[in-house]
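Visitor: pasting the structure only:
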Ligand code: P1T
C-alpha cells in the first residue's frame, strides 16, 4: 500500500464488538479476566490498550516496520531509547538537535554515566571520525531543529554499521514525518517522533513514538515502555490516529507554503540567511531532494539586525502565532535562542539569537507573506 492509503487504513479495522468505523477510545485502566491469569490480550492499560495498539500499528506501518510503540511525549520516547544503553556507553549526536533532547542528554543521562559528543552529522566524515570504540548509539535529527540541516541517512548508516554491528543509528524523524522520509528504509535502526507535531497535526495533543526495525530491540523497548510507564492515554492516541489520516495532504500544502515563504525571505533585504531544505541556497539541498519527498513545512531565517530584530518580527505578526511547537495547521513563529532552545545557551549547541523559526501552516500563502512583510517592515 502507498502511504496515502496506509494513513487511513493501517492499524485499523472496524471494531469487532460494534462495527464502529473509527477506533473506539478504550478509556479503561484495566480489563476483566475470564479466569485467573487468563485475559483477552489486555490486562492493564500501562501494559497495553486497544486504542494505543491501533496507533502503534499505524505508525509502525508508516515507517515500514511492524514494531511501533507510543509514548506520552516525544521526550518520553527519547528517554526510553536512551535506556537501551549502559553506563560507559558513548552516544555520538548531531550538534543541532532539539533543545530538550540536548537537555535530557546533557543534564540527565550524563549523570548516569553515558558519554555524549556532538558533531555536524550533515558531514559524514565528522560522524566517521567521531565514532569511538564504546559508541553504541548515533543520534541524528534530519532536518534538524532549528537550523534545518540535512544529514544523508544512508551514508551515515553505512559508516555506523560498517564500524560495528551493535551501534544503533537512531533518527528523530519529527520534522520530516514518514510521508517525506523513511529512515528505516535508508538503514536506520530506530525512528523516534514527537507525535505532538505533524503526525497529530492540530496542536491539540502531546505524544511520542518509537519505531524499530528489529524485533529484539522492540521487545526491550516494549519492556521499558511498561516498566517506566510513560504511556499516552487512549484519547491522545485517538487524536494522533485522527490527525495522521490527513498527513500526506497536509504535508504537501505545508511544503508548498513553506517553499513560497523561503523564496520570499531569501530575497528580502533585511534577511541575512534563509534556511529551507529544498531551497537552492541550502548547503545540503541535493541530499534533501534525494532523501525527502518535499522540503517540509519548517523555515528558519537569520535577521541582519540580530536578536532585537528577531524579537520584533516574532512579536509583530498577526497570523503567525508567537508560540513554541510546530506542525499544526496554524502558522507559528518563535525565537529559538530564548524559547525552544534556551537550554542550549552557553553550550556548544547555542543558537544564533537573531534566528527566527517558522512553522508554516495551511493558511493561504499570500496572507502569510503579507503578514511577514508587515512584521519585517518595522525592523
Ligand atoms: O515536545 P515533545 O512531544 O516531548 O517532543 C520533543 C521533541 C523531540 N524531537 C524534536 C525534533 C522536537 O522538535 C521535539 C519538540 N520540539 C518542540 C516543542 C519545538 O518547539 O521545537
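Guide: Everything's here; your move. Predicted model only: the values in this text are computed from it and were never measured.
Visitor: Chain neighbours aside, what residue packs nearest to the closest residue to the ligand within the stretch 101-250 of the chain?
Guide: The stretch 101-250 of the chain approaches the ligand most closely through residue 194 (3.0 Å), counting by C-beta to the nearest ligand atom. Backbone N, C-alpha and C define where each C-beta goes, glycine included. Counting by C-beta to C-beta, 6 or more residues apart in numbering, residue 194 lies nearest to residue 74, which is 2.7 Å off, once chain neighbours are set aside.
Visitor: Can you name the residues that contact that neighbour?
Guide: By C-beta atoms under 8 Å, 6 or more residues apart in numbering, the contact list for residue 74 reads 100, 174, 192, 193, 194, 195, 196, 197, 206, 207, 208.
Visitor: and the residues you listed, which of them are in strands?
Guide: 192, 193, 194, 208 (DSSP state E).
Visitor: mind checking how far residue 76 is from the ligand?
Guide: 7 Å (C-beta to the nearest ligand atom, to the nearest Å).
Visitor: need the residues of the stretch 251-379 of the chain near the ligand, please.
Guide: Selection of the stretch 251-379 of the chain residues close to the ligand by C-beta under 6 Å from any ligand atom yields 324, 325, 326, 340.
Visitor: closest to residue 244 among those?
Guide: Among those, residue 326 lies closest to residue 244 (C-beta to C-beta), at 16.2 Å.
Visitor: The nearest residue to residue 110 once chain neighbours are set aside is in what secondary structure piece?
Guide: In space, and not counting its chain neighbours, residue 110 is closest to residue 116: 6.3 Å by C-beta to C-beta, 6+ apart. For residue 116, the element it lies in under DSSP states H and E is strand 115-119.
Visitor: average pLDDT for that strand?
Guide: Per-residue pLDDT values over strand 115-119 give a mean of 97.
Visitor: Quick check: buried residues in it?
Guide: 115, 116, 118, 119 (16 or more other C-beta atoms under 10 Å).
Visitor: What's the first helix or strand after the one helix or strand residue 127 maps to?
Guide: In the assignment (DSSP H and E), residue 127 maps to helix 124-130. Once the chain leaves helix 124-130, the next helix or strand it forms, by DSSP H and E, is strand 135-141.
Visitor: In terms of secondary structure, what does that following strand contact?
Guide: strand 90-94, helix 153-163, strand 168-172 (3 or more C-beta pairs under 8 Å, 6 or more residues apart in numbering; DSSP states H and E).
Visitor: Give me the contacts around that strand.
Guide: With C-beta under 8 Å, 6+ apart as the test, strand 135-141 has contacts from 81-82, 84-85, 89-94, 96-98, 101, 121, 127, 131, 151, 153, 156, 160, 163-164, 166-172, 174-175, 188.
Visitor: Mind listing what's buried along stretch 210-217?
Guide: 210, 211, 212, 213, 217.
Visitor: Same question for stretch 248-256.
Guide: 248, 250, 251, 253, 254, 255.
Visitor: of the ones in strands among the contacts of residue 74, buried ones?
Guide: 192, 193, 194, 208.
Visitor: so which of those comes closest to residue 59?
Guide: Distances from residue 59 to these, taken by C-beta to C-beta, are shortest for residue 193, at 7.3 Å.
Visitor: on that earlier part again, kindly indicate which of the buried ones among the ones in strands among the contacts of residue 74 lies nearest residue 375.
Guide: Of these, the one sitting nearest to residue 375 (C-beta to C-beta) turns out to be residue 194, at 26.9 Å.
Visitor: so who does that closest one touch?
Guide: 73, 74, 75, 77, 172, 174, 207, 208.
Visitor: Can you add pLDDT and give these back as CSV?
Guide: Listed next are the contacts of residue 194 as CSV, based on pLDDT from 0 to 100:
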residue, pLDDT
73, 98
74, 98
75, 98
77, 98
172, 98
174, 98
207, 98
208, 99
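Visitor: what's the farthest-apart pair in those?
Guide: Most distant of those, by C-beta to C-beta, are 172 and 207, 14.3 Å apart.
Visitor: where exactly do the helices run in this protein?
Guide: 3-9, 50-62, 74-82, 99-103, 124-130, 153-163, 177-180, 215-228, 234-244, 247-266, 285-291, 306-315, 365-377 (DSSP state H).
Visitor: Of those, flag the one that's most buried.
Guide: Stretch with highest mean neighbour count among the helices of the chain: helix 177-180 (a mean of 27; mean count of other C-beta atoms under 10 Å).
Visitor: What is the distance between stretch 323-343 and the centre of its chain?
Guide: The gap between where stretch 323-343 is centred and where its chain is centred comes out at 14 Å by C-alpha atoms, centre = their mean, to the nearest Å.
Visitor: i'd like the first residue to be 30 from this point on
Guide: Shifting the count to begin at 30 puts that one at stretch 352-372.
Visitor: Quick check, central residue of the protein?
Guide: Closest residue to the average C-alpha location of the chain: residue 203 at 1.6 Å, with C-alpha atoms, centre = their mean.
Visitor: how about it, what does it touch?
Guide: Shown in contact with residue 203 (C-beta under 8 Å, 6+ apart): 103, 127, 170, 174, 221, 222, 223, 226, 227, 356.
Visitor: now, which of those residues sits nearest residue 79?
Guide: Among these, residue 222 lies closest to residue 79 (C-beta to C-beta), at 20.8 Å.
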